[in-house]
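[1] With the input below, show me the fold.
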Amino acid sequence: MTDAQETAADVPLRTTGGAPPDDVEPAPIPLLEPREGIPPVVADATALAAVVAAFAAGTGPVAVDAERASGYRYGQRAYLVQLRREGAGSALIDPVGCPDLSALGEALSGTEWILHAATQDLPCLREIGMVPTSLFDTELAGRLAGFPRVGLGAMVENVLGYALEKGHSAVDWSTRPLPEPWLRYAALDVELLVDLRDALEKELDRQGKLEWARQEFDAIASAPPAAPRQDPWRRTSGMHKVRRRRQMAVVRELWTLRDRIAQRRDVSPGKVLGDGAIIEAALNLPATAHALAALPGYGQRMSRRSLEQWQGAVDRARALPDAELPQPGQSPSGPPPPRSWADKDPAAAARLSAARACVSALAERLRLPQENLIAPDSVRRLCWEPPARVDTDSVAAALTTHGARPWQIDQVTPALVAALTAQA
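    Take a look at the predicted model:
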C-alpha cells in the first residue's frame, strides 16, 4: 500500500487557524487510486443484490455520492451512484441498469449517510428509491466551521492533506461504457468521506457548533421533496430585460416548446435553444421566420423546419388576446423585493438595513456565512412585518414560523431585537 492509499484517519486535522511550526504548509498527497482498486460497475439485479447484502452487513456510516449529466441530458437523474462503508468497501452502481435502488435504501435505513452538498444529490437519489433517515453533510459542516473553500477537493486537502483529482466533475455521465479514469474519479469521491466527516465532527465540537450542525442535518433529512416550480419559464436567463406582457408570452411559448423537445430527445434544453435566443425573439417580436433567422441564436446552421417551428411559437404569443397574456412576475407571498422598500415603506427599509448589519457582524464573529446563520428571507419577512410588540419571545416566535432552527434563533434573536427596537 502506497502513502497515497493509506487511510487519512491518521492525518492531523488542518484547520484554517494556523500553519506548521516552520510556517510552510506541507504539500498535499495526491490520491491516485482507491484503496481496493476500482470496483466493478453494478448494472444487473444479481450484482445489486450482492451489494445490498454487503452494505447491510457493513458497520458505521455510509458515504454516498451521485453523478448526473447536467448540461447534457434532460432533467437531473443519477447516472452513477457511489457508496463506501466499513466492512463493505466501495461500490459503483449504474442506475440505468439498476433503476430501482429502494432495496439498498431500505438496507441502509437508520444508518447515517455522509454526503457532500447533500441538497444537490438527494433529489436524484430519491428518484431511484434512496432516502436517508439521517445524514452528515461535509460541505455544510465546512461552512459552519468557517472554512473559506468548501468544495470536496478543497476540504479533503485542507482537512486531511490529500489532493483529489477533479478533472471529470463536468463530464457526460450518461456515457456508456464509462471510461476507467471517470470510474476511478468517482470511486475516489467517496474514498475519504468517512474520514472527512470524523475530522469535521471533531472540529465542530471544538468550536461549540456540533449541535448547530446536527440541527441543520436533521432539517435537510426531514425536508419534503421540493414542490414543482411555478412558471419555470420566468427563470430564463436574461428575463430582467423583458418588460412587456406580449414579450413575456413569447418567452413562455418558446420555453415551453423547447422543454417539450428537450424532454423528447433527452437532452439539456440549452442544447435545443439557448436562453439568449429566447430573449432575443421576445424583445424583437419577429413577424417571419426570415426575420427570426437574423437574430442571434438562430443562425445559418438552423434548418428551415426548426426556424418555422420557433416562429410558430412566436406567432402564437403574438396572436394571444390581452386577457391571456402573462402578468408581470410577483412573489406569491411575502415581502416585495428589497430594492423597492425605500419607496413603499421607508421604515421597513431602515429596519432591514439595521438587521442586515447586525446579522453580518454576528456572522463574522461566529466565523460562518450569513446565509447559514439565518436565511435572508427570514430576516426580510421579519423586517417587513415585525411583531406588534418587539421582544425576545415575539421575534423568536416569528423566526420559528419562518423556518429558522433553534440554534439560529438562539444566536440571532438578541441582535435582531436590538436592531428592530432601535428603529422603532
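[2] Please identify the buried residues of the helix or strand where residue 377 lies?
    Under the criterion of DSSP states H and E, residue 377 resides in helix 376-384. Of all the residues in helix 376-384, those buried under the rule 16 or more other CB atoms under 10 Å are 378, 379, 380, 381, 382, 383, 384. The way it works is simple: take the backbone N, C-alpha and C, and place the C-beta from them, glycine included.
[3] could you give the angle of whichever helix or strand comes after it to helix 376-384?
    Counting by DSSP H and E, the next helix or strand C-terminal to helix 376-384 is helix 392-401. Helix 392-401 runs at 140 degrees relative to helix 376-384, counting by axes from the mean of the first three to the mean of the last three CA atoms, to 10 degrees.
[4] tell me the mean pLDDT over helix 392-401?
    Helix 392-401 shows a mean pLDDT of 97.
[5] helices or strands up against the next helix or strand after that helix?
    Later in the chain than helix 392-401, the nearest helix or strand by DSSP H and E is helix 406-422. Helix 406-422 sits against helix 210-222, helix 346-366, helix 370-373, helix 376-384, helix 392-401, with contacts defined as 3 or more CB pairs under 8 Å, 6 or more residues apart in numbering; DSSP states H and E.
[6] Just checking the distance from helix 406-422 to the centre of its chain.
    Offset of helix 406-422 from its chain centre (CA atoms, centre = their mean, to the nearest Å): 28 Å.
[7] All further residue positions should be reported with the first residue as 16.
    Renumbered: residue one is now 16, and that last one reads helix 421-437.
[8] Go through it and flag the buried ones.
    422, 423, 424, 426, 427, 428, 430, 431, 432, 434, 435.
[9] how much space between the fourth one and residue 207?
    Between residue 426 and residue 207 the distance, using CB to CB, to the nearest Å, works out to 31 Å.
[10] same thing with the fifth one?
    The spacing between residue 427 and residue 207, counted by CB to CB, is 34 Å.
[11] Just put the buried residues of helix 391-399 in a markdown table and tack on distance to residue 53 and pLDDT.
    Formatted as a markdown table, the buried residues of helix 391-399 follow (distance: CB to CB, whole Å; pLDDT from 0 to 100):
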| residue | distance to residue 53 | pLDDT |
| --- | --- | --- |
| 393 | 45 | 96 |
| 394 | 47 | 97 |
| 395 | 48 | 96 |
| 396 | 49 | 96 |
| 397 | 51 | 97 |
| 398 | 53 | 96 |
| 399 | 54 | 96 |
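[12] Same list (those residues) but as CSV, adding distance to residue 111.
    Formatted as CSV, the buried residues of helix 391-399 follow (distance: CB to CB, whole Å):
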residue, distance to residue 111
393, 40
394, 44
395, 43
396, 43
397, 47
398, 48
399, 47
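[13] Can you tell me which of those residues is nearest residue 265?
    Lowest distance from residue 265 to the buried residues of helix 391-399 (CB to CB) belongs to residue 395, with 31.6 Å.
[14] Chain neighbours aside, what residue packs nearest to that closest one?
    residue 350 (5.3 Å; CB to CB, 6 or more residues apart in numbering).
[15] quick check, that neighbour in a helix?
    No: using DSSP: H, G, I helix; E, B strand; the rest coil, the assignment for residue 350 is coil, not a helix.
[16] Give me the pLDDT value at it.
    Residue 350 carries a pLDDT value of 91.
[17] thinking again about what came up before, tell me which strands and helices the helix holding residue 392 is in contact with?
    Packing partners of helix 391-399 (3+ CB pairs under 8 Å, 6+ apart): helix 361-381, helix 407-416, helix 421-437.
[18] For these, please prepare a markdown table with the additional fields distance to residue 337.
    Converted to a markdown table, these look like this (distance: least, CB to CB, whole Å):
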| stretch | distance to residue 337 |
| --- | --- |
| helix 361-381 | 34 |
| helix 407-416 | 39 |
| helix 421-437 | 44 |
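[19] So which of those is nearest residue 339?
    The nearest among these, by CB to CB, is helix 361-381 at 35.0 Å.
[20] quick one, what contacts residue 156?
    212, 215, 216, 219, 228 (CB atoms under 8 Å, 6 or more residues apart in numbering).
[21] so what does the helix or strand hosting the third one touch, helix or strand wise?
    In this assignment (DSSP H and E), residue 216 forms part of helix 208-221. With contacts defined as 3+ CB pairs under 8 Å, 6+ apart, helix 208-221 has these neighbours: strand 74-83, strand 93-101, strand 127-130, helix 153-160, helix 225-237.
[22] what helix or strand is the spatially most central residue of the chain on?
    By CA atoms, centre = their mean, the chain has its centre lying nearest to residue 135, at 3.9 Å. Using DSSP H and E, residue 135 sits within helix 133-142.
[23] residues making contact with that helix?
    Helix 133-142 has contacts (CB under 8 Å, 6+ apart) with 79-81, 83, 91-93, 96, 130, 146-147, 150, 152, 154-155, 235, 240-241.
[24] Just the buried subset of the residues you listed, please.
    The neighbour-count test (16+ other CB under 10 Å) marks 79-81, 83, 92-93, 96, 130, 146-147, 150, 152, 154-155, 235 as buried among the contacts of helix 133-142.
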